[in-house]
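>>> Following is a predicted model, sequence given first.
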Amino acid sequence: HIYTDRRDITPTTLLWQAGFSSRNHTAESIESKYGIPLHATIAVIQGSLENTLEPNPLVHLRKEIVILVSLDLIGVHRRFTNHVFREAEQRFGLSREQIVLCFSHTHSGPI
């Protein structure tokens, strides 16, 4: 099974933009130059792997889940990713190895 979702994460206020170290002011508009909003996209992939070597029939079918998250940002601070991994483990029992965070590296997103 695969579940996907996409959410608009375009800021509603003017913020400093990532990747523009020479700028001395915030973004000039919250509107994208090309009319394209910033997104957070998630794909939850759940599959089943048969473990034919397991003698216990209750363990015969093992569920596997992988979460892929893509953010239209240049990146985030390690504190943010650590928080995401901690919450996923506490709330859903997911390990760090089951979650992939990636970034589009846009220079039009906030810091």
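Right, received. Where do you want to start?

>>> Any figure for the gap between the most centrally placed residue in the chain and Arg91?
For the chain, the residue nearest the mean C-alpha position is Val69 (2.7 Å; C-alpha atoms, centre = their mean). Separation of Val69 from Arg91 (C-beta to C-beta, to the nearest Å) stands at 15 Å. Yep, even glycine has a C-beta here, placed from its N, CA and C like the rest.

>>> rewinding a little: ok so the residue nearest to the centre of the chain is a helix residue?
No - read with DSSP: H, G, I helix; E, B strand; the rest coil, Val69 is strand and lies in no helix.

>>> Surely it touches Cys102?
Yes - the criterion here is C-beta atoms under 8 Å, and Val69 meets it with Cys102 at 7.2 Å.

>>> contacting residues for Val69?
Val69 makes contacts with Ala40, Thr41, Ile42, Val84, Ile99, Val100, Leu101, Cys102, as judged by C-beta atoms under 8 Å, 6 or more residues apart in numbering.

>>> strands paired with the helix or strand of the chain with the lowest mean pLDDT, and their directions?
One helix or strand of the chain scores below all others by mean pLDDT, DSSP states H and E: strand 61-71, with a mean of 80. Strand pairing for strand 61-71, using DSSP bridges, gives strand 39-50 (antiparallel), strand 99-103 (parallel).

>>> which residues touch the shortest one?
For strand 99-103, the surrounding residues in contact (C-beta under 8 Å, 6+ apart) are 66-76, 81, 84-85, 88.
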